[in-house]
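In: Take this sequence and fold it.
(one chain, ligands or ions: 1)
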Amino acid sequence: MSIKILFLGEIVGRAGIQSIKLGLKSLKERYSADLVIANAEGTTNGFGLGRQHSVQLFKMGIDILTGGEKLFFKADLVEVLPKNGNILRPANLPPTSPGKGYRILTIKDKKVAVVNLISSSGFRFSMQNPLTFMDYLTDILKKDSDVILVQFHSGTTAESATLAHYLDGRISALIGTHTKAITADAHVMAKGTAFMSDVGRCGSIMSAGGFNPEFEIKKLMTALPERSHEAWEMCELQGAAVTVDEETGKALSIEAFRESVDVKKPEGDVR
Ligand SMILES: [Fe+2]
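Out: Below is the predicted model of the structure:
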């Protein structure tokens, strides 16, 4: 018997939400998913996750939403974070940060721990070293959990691979997000941990990281502050399907996917 998990890449703006709405149900059926985990810190206009959007995403079939450096951008979400255990913030932020960094769920009578972590590379705020922090956390989680899944919000693929090698055999999967570019390195490592540097995005691929390139070019050409706008062309749900042996906690397989969805820009939308 096995547990099947879908990891979805960063949801970018309304186009990302529409992609989930149109594509997630069939994807869950195809992979017989027991659990869906998505990175949602770019859901609201690409920067943060508004409370209402989090409610919508849960209704569409996502079980756990993870964050990163942008999770605290929307004040109404920060208020509910301490009460909503299904929205995770990086566990290696200061313990005084709002919200929780992991959640333990029961699936097929097994305890499945989902952990959100952030890398030491690429971000400017205070966090604990992900390697030593995971030494501490895996010791705690092993007492209660049969399966440990880590969603690593990482500024570099090198740090993702380094952490994955460090944790190989101690966790079931380490899956990266943040760059919004899907990588071609999905594999099960020597001691049974499924790894992929980055599961990409849910949103437009004809874009700059899911954003309308026109505004991103303007930003780089002028250095003036300019709001980003989601792009709508060629939307995809990107991610990975991981199968874990529920008895051993070892990963049996990982398969990356790119699912095209026929998302249309709303009529009359001038952005
Ligand atoms: Fe990020």
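In: low-confidence ranges in the chain?
Out: 270-271 (pLDDT under 70).
In: Now do the same for whatever residue of the chain ends up closest to the ion: helix, strand or coil?
Out: Proximity of the chain to the ion (C-beta to the ion) peaks at Gly68, 3.6 Å away. All C-beta spots, glycine's among them, are computed from the backbone N, C-alpha and C. Using DSSP: H, G, I helix; E, B strand; the rest coil, the structure places Gly68 in coil.
In: distance of it from Lys110?
Out: Gly68 sits 27 Å away from Lys110, taking C-beta to C-beta, to the nearest Å as the criterion.
In: Just the buried residues of stretch 19-28, please?
Out: 19-24, 27-28 (16 or more other C-beta atoms under 10 Å).
In: and Thr96, what element?
Out: For Thr96, there is no helix or strand it lies in under DSSP states H and E.
In: Relative to Pro82, how far out is it?
Out: 12 Å.
In: So which of the two has more stuff around it?
Out: Taking neighbours as other C-beta atoms under 10 Å, Thr96 and Pro82 compare with Pro82 leading, 10 against 5.
In: Which residue lies nearest the spatial centre of the chain?
Out: For the chain, the residue sitting closest to the mean C-alpha position, by C-alpha atoms, centre = their mean, is Asn39 at 2.7 Å.
In: the more surrounded of Gly68 and Lys110?
Out: Legend: neighbour count by other C-beta under 10 Å for Gly68 and Lys110, higher for Gly68 (25 against 17).
In: Spatially, and excluding backbone neighbours, which residue is closest to the more buried one.
Out: His153 (3.5 Å; C-beta to C-beta, 6 or more residues apart in numbering).
In: for Ile254, same thing?
Out: Ile254 sits nearest to Ala194 (C-beta to C-beta, 6+ apart), 4.0 Å away.
In: Also His53?
Out: Spatial nearest neighbour of His53, chain neighbours left out: Thr43 (4.8 Å); criterion: C-beta to C-beta, 6+ apart.
In: would the one you found count as being in a strand?
Out: No. Using three-state DSSP, the assignment for Thr43 is coil, not a strand.
In: so it touches Gln18, yeah?
Out: No. Using C-beta atoms under 8 Å, Thr43 makes no contact with Gln18, being 11.4 Å away.
In: out of the two, which sits in the more crowded spot?
Out: Regarding Thr43 and Gln18, a neighbour count based on other C-beta under 10 Å identifies Thr43 as having more, with 30 against 21.
In: a helix runs through Gly268, doesn't it?
Out: No. Assignment of Gly268 by three-state DSSP gives coil, placing it outside any helix.
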